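Chemist: pasting the sequence and the predicted coordinates here, then a few questions.
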Amino acid sequence: MSVEKRFELAKEQYEAWNINLEDVFSKLQEVPISIHCWQGDDVTGFEAAQHDLSGGIEVTGDYPGKATNGEELRKDLDKALSLIPGKHRINLHAIYAETDGEEIDRDQIEPKHFEKWVKWAKENELGLDFNPTLFSHDKAADGLTLAHADENIRNFWIEHCKASRRVAAYFGKELGTPALTNIWIPDGFKDTPSDRLTPRLRLKDSLDKIFSEEIDTAHNLDAVESKLFGIGSEAFVVGSHEFYLSYALKNDKLCLLDTGHYHPTEMVSNKISAMLPFNERLALHVSRPVRWDSDHVVTLDDELKEIALEIVRNDALDKVSIGLDFFDASINRIAAWTIGTRNMIKALLYAHLLPHEHLKQLQEDGNYTERLALLEEFKTYPFGAVWDYYCEKMEVPVAEKWLEDVKQYEEDVLSKR
Ligand SMILES: C[C@H](O)[C@H](O)[C@@H](O)C(=O)CO
Ligand SMILES: [Mn+2]
């Protein structure tokens, strides 16, 4: 049966619940996902002075063909974007500066080092987001940066973050859409601290200094990302959830929730509605932790669907910036982007295909039997037929057909690197 025929049958079922699929498609295609560039090269970056990956994050695997420069990374992103429905954003780290071989330390980065990214983003109608890189560097070798006891080290990273915000503002100005600059730092201790407050006071002070430079929010928005633990910071992380939640609220910044940065039974989906009444905007790093913050490729699991449901049924698509954060070097990297991003969009589509007003009323009425029954029945509604049709309409491959493109690209391009 054709994609259209299957869609027509599915449409009838959803329309019986007053769900208009054309309206859903128009909304869905407006939702940008911020796709992280670092899946394409295992968080290596292009700095002239190369450093090993540090900061308590880990990439495992040695799948051949990773991008080794800006041209390759952009080409790989072009391929992935051709397989993903919708118009999206690309999330860069400072280590993706292009300096023509010149050694530029992180506190010296400037907009000119990102001109090629901006040119490419313009050509492809993409927004850009940004992250200062406070790891994989000699001055972060002991796992401390903005909370470091040494003022010189703190100042170096403060200058890096300030420079990063200027780069991001340049993105926002050039592209007509504000860049989200997200600060994540690895700072913490392997073993039990004898003083938790002093490093936190130092981090607060460093952040205040970074944000003291006024930047138009039409060009740049700031986010701060918390973490529970990392490799080497098992006992204590300075920038914990409560720290950044408080900082963001008090200073009108976005609190960024990474789905891999909480206790294993603590769900980010449950945090969104808890934060929406108090935060104008918030941001996500959607990842998949397997036993730890392993950054596996995002799958269409229950938590992903629940996150999407919380955003959609609370009408918060313009309040929650959705970014991805995973890096798997054991599989084809373009497939990794394609699988993870298509899954995020699939989850958002799934979330649009439920009769939310009716389900909310059932709960208000205390009718929990019908609430459970409907939530379960909708899980087997013909969602796949709607997704396939959406892909066809958006001119990207239907179902697993995108794999053929990835295999061909691997043969033609990746295998020759
Ligand atoms: C490379 C990213 O910035 C990094 O993954 C950060 O966002 C994080 O989640 C660290 O665990
Ligand atoms: Mn993250």
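Modeler: Received, thanks. These figures come from a predicted structure and were not determined experimentally. Ligands and ions are numbered 1, 2, ... in the order given.
Chemist: near ligand 2, which residues of this protein are found?
Modeler: Taking CB under 5 Å from the ion as the test, the list of the chain residues beside ligand 2 reads 258, 285, 325. For glycine as for every other residue, the C-beta is placed from the backbone atoms N, C-alpha and C.
Chemist: which elements pack onto the strand or helix carrying V406?
Modeler: Following DSSP states H and E, one finds V406 within helix 402-412. Of the remaining helices and strands, those touching helix 402-412 by 3 or more CB pairs under 8 Å, 6 or more residues apart in numbering; DSSP states H and E are helix 70-81, helix 333-352.
Chemist: got the angle between it and helix 70-81?
Modeler: Between helix 402-412 and helix 70-81, the angle comes out at 160 degrees (axes from the mean of the first three to the mean of the last three CA atoms, to 10 degrees).
Chemist: contacts made by helix 402-412 with the rest, please.
Modeler: When contacts are defined by CB atoms under 8 Å, 6 or more residues apart in numbering, helix 402-412 is touched by residues 65, 79, 82-83, 332, 334-335, 338, 342, 396-397.
Chemist: can we see that at 10 Å?
Modeler: Identification of contacts with helix 402-412 by CB atoms under 10 Å, 6 or more residues apart in numbering yields 63-65, 75-76, 78-80, 82-84, 332-339, 342, 391, 396-397, 414-416.
Chemist: alpha carbons only: can I get that helix in PDB?
Modeler: Coordinates of the C-alpha atoms in helix 402-412 are reproduced here as PDB (Å, rounded to 0.1, in the frame of the first residue of the first chain):
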ATOM      1  CA  TRP A 402      17.900   7.000   4.300                       C
ATOM      2  CA  LEU A 403      20.300   4.200   5.100                       C
ATOM      3  CA  GLU A 404      21.000   3.600   1.400                       C
ATOM      4  CA  ASP A 405      22.100   7.300   1.100                       C
ATOM      5  CA  VAL A 406      24.400   6.900   4.200                       C
ATOM      6  CA  LYS A 407      25.900   3.700   2.800                       C
ATOM      7  CA  GLN A 408      26.500   5.400  -0.600                       C
ATOM      8  CA  TYR A 409      28.100   8.400   1.100                       C
ATOM      9  CA  GLU A 410      30.300   6.100   3.200                       C
ATOM     10  CA  GLU A 411      31.500   4.400   0.000                       C
ATOM     11  CA  ASP A 412      32.000   7.600  -2.000                       C
END
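Chemist: how far out from the middle of the chain is that helix?
Modeler: Taking the mean of its C-alpha atoms, helix 402-412 sits 25 Å from the chain's own mean (CA atoms, centre = their mean, to the nearest Å).
Chemist: sorry, back to before: what's the most buried one of the helices and strands packed on helix 402-412?
Modeler: Highest mean neighbour count among the helices and strands packed on helix 402-412 (mean count of other CB atoms under 10 Å): helix 333-352, with a mean of 24.
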